[in-house]
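Asker: structure of the sequence below:
(one chain, ligands or ions: 1)
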Amino acid sequence: MGTVKGGDTGTGNGSAGTLAGKAVVVTGAGRGLGEAFAVHAAQAGAAVVVNDIDAELADRTAAGIRAHGGRAVASGHNVADAEQAQAIVDTCVGEFGGIDGLVNNAGLNYEALPWQDDPARVRELVEVNVLGVIYTGMAAANAMIAQDTGGSIVNISSGASLGQRKLGAYSASKGAVASLTYSWALDMEEAGIRVNGVCPLAHTRMVWKSERSLRNCPPDRTPSRIAPLVLYLLGDDSRGITGQLVRCNGPQLHIVGHPHLKAPILERAVWDTESVRGAFEEVFSAHLEPYGLEKRVPPRLRKWTDGSAATPLRSA
Ligand SMILES: NC(=O)c1ccc[n+]([C@@H]2O[C@H](COP(=O)([O-])OP(=O)(O)OC[C@H]3O[C@@H](n4cnc5c(N)ncnc54)[C@H](O)[C@@H]3O)[C@@H](O)[C@H]2O)c1
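Answerer: Numbers count the residues shown, from 1 in each chain. Just a heads-up that it's a prediction; the model follows:
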């Protein structure tokens, strides 16, 4: 896109890469997935702003990129603060002359049953995982529109957004990221900015903290295995692809279906409680959705799915 200037001239092994000439921000890039995204983006030729609220880690990642001939600057800003989120994007524009890509990766996670959760912890999680993504994305879109160069935003969501036990606040925050992706893809298409989401699975600190996640994530699922997907979405080869949520867990790569208005859509002038009851008894009972990532069948339907349908029907 030709917006990059400043920094070292030697871009090392990335000078001819798929992101050559692009300036990219990766948030939460001091460790884990973000670090892999930043390192791989630099190897593909991008100039990278390595953001992490843990400034020492951001410095370490940026220094590692530079040591290998890449271009990187560190930012210790907090994405959950609108002014600091703006400062991350300003750093990119100031250091590299523009911004072509943003990976909204910074995130928090913890497990808690809903009745044992702590309001302060919920607030902190929502501020980072939802507001942080919105603030940084707003700043990036603003800069991209001012440049009139278009761009690519990759929001890191999670398969947990489909619903997972003990992850209510986290899954809600990642569902918000998915909805934001669909809305922003609509808003930004005319400006040439593509917005996609990625649901990763990789061995990181986030996984080490949870016994269940550790069981579901073999050690060979390294963050580097997710980076090619993010690089593809950042680069020009994915032109024409926007509004998509893509999941990669290492070996598997697939599109995540969007929520949709499900047929049959019943119509009547007014729905009173009696007609709603009738709709459920006569129509919707055959259309209820299994819920959560584990696809749990609603109790009312289990008599048909638990292998005992041959026995006389009882009310659930
Ligand atoms: N690891 C997985 O399997 C997995 C699965 C689904 C989604 N994700 C998502 O991927 C992203 C990266 O997760 P990870 O597994 O690498 O976690 P991680 O904890 O290893 O890294 C997250 C990084 O974000 C930084 N960060 C936290 N709050 C910040 C803030 N306010 N401002 C700037 N930086 C901040 C942290 O300091 C940390 O370095 C997260 O959004 C996470 O929800 C991860």
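Asker: can you pull out the helices in this protein?
Answerer: Under the criterion DSSP state H, the chain contains helices at 32-43, 55-67, 82-96, 119-126, 132-147, 168-188, 205-208, 211-216, 227-234, 273-282, 302-305.
Asker: name the stretch among those that sits most buried.
Answerer: Mean neighbours per residue, mean count of other Cβ atoms under 10 Å, is largest over the helices of the chain for helix 32-43, with a mean of 27. Where you see a C-beta, it was placed from the backbone N, CA and C, and this is true even at glycine.
Asker: show me what that helix is packed against.
Answerer: strand 23-26, strand 47-51, helix 55-67, strand 71-75, strand 101-104, helix 227-234 (3 or more Cβ pairs under 8 Å, 6 or more residues apart in numbering; DSSP states H and E).
Asker: any chance of these in CSV, with distance to the ligand and mean pLDDT too?
Answerer: Shown next, in CSV, are these (distance: least, Cβ to the nearest ligand atom, whole Å; pLDDT from 0 to 100):
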stretch, distance to the ligand, mean pLDDT
strand 23-26, 10, 98
strand 47-51, 6, 99
helix 55-67, 6, 98
strand 71-75, 9, 98
strand 101-104, 8, 99
helix 227-234, 10, 98
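Asker: need those in TSV (columns: distance to residue 155).
Answerer: Formatted as TSV, the helices and strands packed on helix 32-43 follow (distance: least, Cβ to Cβ, whole Å):
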stretch	distance to residue 155
strand 23-26	12
strand 47-51	15
helix 55-67	20
strand 71-75	18
strand 101-104	5
helix 227-234	10
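Asker: nearest to residue 159, of those?
Answerer: Closest approach to residue 159 among these is made by helix 227-234 (13.9 Å; Cβ to Cβ).
Asker: which outside residues touch the closest one?
Answerer: 18-19, 22, 24, 36-37, 39-41, 44, 46, 100-101, 103, 152, 154, 194, 196, 198, 238, 241, 246, 248, 253 (Cβ atoms under 8 Å, 6 or more residues apart in numbering).
Asker: just the CA trace of that helix, in CSV.
Answerer: Output of helix 227-234 as CSV, limited to C-alpha atoms (Å, rounded to 0.1, in the frame of the first residue of the first chain):
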residue,chain,number,x,y,z
ALA,A,227,-0.4,-17.2,12.4
PRO,A,228,-0.7,-18.1,8.7
LEU,A,229,-4.5,-17.7,8.9
VAL,A,230,-4.1,-14.2,10.5
LEU,A,231,-1.5,-13.3,7.9
TYR,A,232,-3.7,-14.4,5.1
LEU,A,233,-6.6,-12.2,6.3
LEU,A,234,-4.2,-9.2,6.8
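Asker: compute the inter-axis angle for it and helix 32-43.
Answerer: Between the axes of helix 227-234 and helix 32-43, defined by axes from the mean of the first three to the mean of the last three Cα atoms, to 10 degrees, the angle is 60 degrees.
Asker: domains of this structure?
Answerer: Structural domains of the chain, as assigned by automatic domain parsing, span the residue ranges 12-255, 261-316.
Asker: worst average pLDDT in these?
Answerer: The minimum mean pLDDT among these belongs to domain 261-316 (a mean of 88).
Asker: near the ligand at all, that one?
Answerer: No - no part of domain 261-316 sits close enough to the ligand to count as contact by Cβ under 6 Å from any ligand atom; the gap is at least 11.3 Å.
Asker: with adjacent residues omitted, what lies nearest to residue 220?
Answerer: residue 250 (7.0 Å; Cβ to Cβ, 6 or more residues apart in numbering).
Asker: export the helices of the chain to JSON lines and tack on distance to residue 111?
Answerer: Formatted as JSON lines, these follow (distance: least, Cβ to Cβ, whole Å):
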{"stretch": "helix 32-43", "distance to residue 111": "17"}
{"stretch": "helix 55-67", "distance to residue 111": "23"}
{"stretch": "helix 82-96", "distance to residue 111": "27"}
{"stretch": "helix 119-126", "distance to residue 111": "11"}
{"stretch": "helix 132-147", "distance to residue 111": "20"}
{"stretch": "helix 168-188", "distance to residue 111": "8"}
{"stretch": "helix 205-208", "distance to residue 111": "11"}
{"stretch": "helix 211-216", "distance to residue 111": "8"}
{"stretch": "helix 227-234", "distance to residue 111": "26"}
{"stretch": "helix 273-282", "distance to residue 111": "33"}
{"stretch": "helix 302-305", "distance to residue 111": "26"}
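Asker: so for residue 261, which of the ones you listed sits nearest?
Answerer: Taking Cβ to Cβ as the criterion, residue 261 comes closest to helix 168-188 out of the helices of the chain, the separation being 13.6 Å.
Asker: tell me what the closest one is packed against?
Answerer: Applying 3+ Cβ pairs under 8 Å, 6+ apart, one finds that helix 168-188 contacts helix 119-126, helix 132-147, strand 151-156, strand 193-200.
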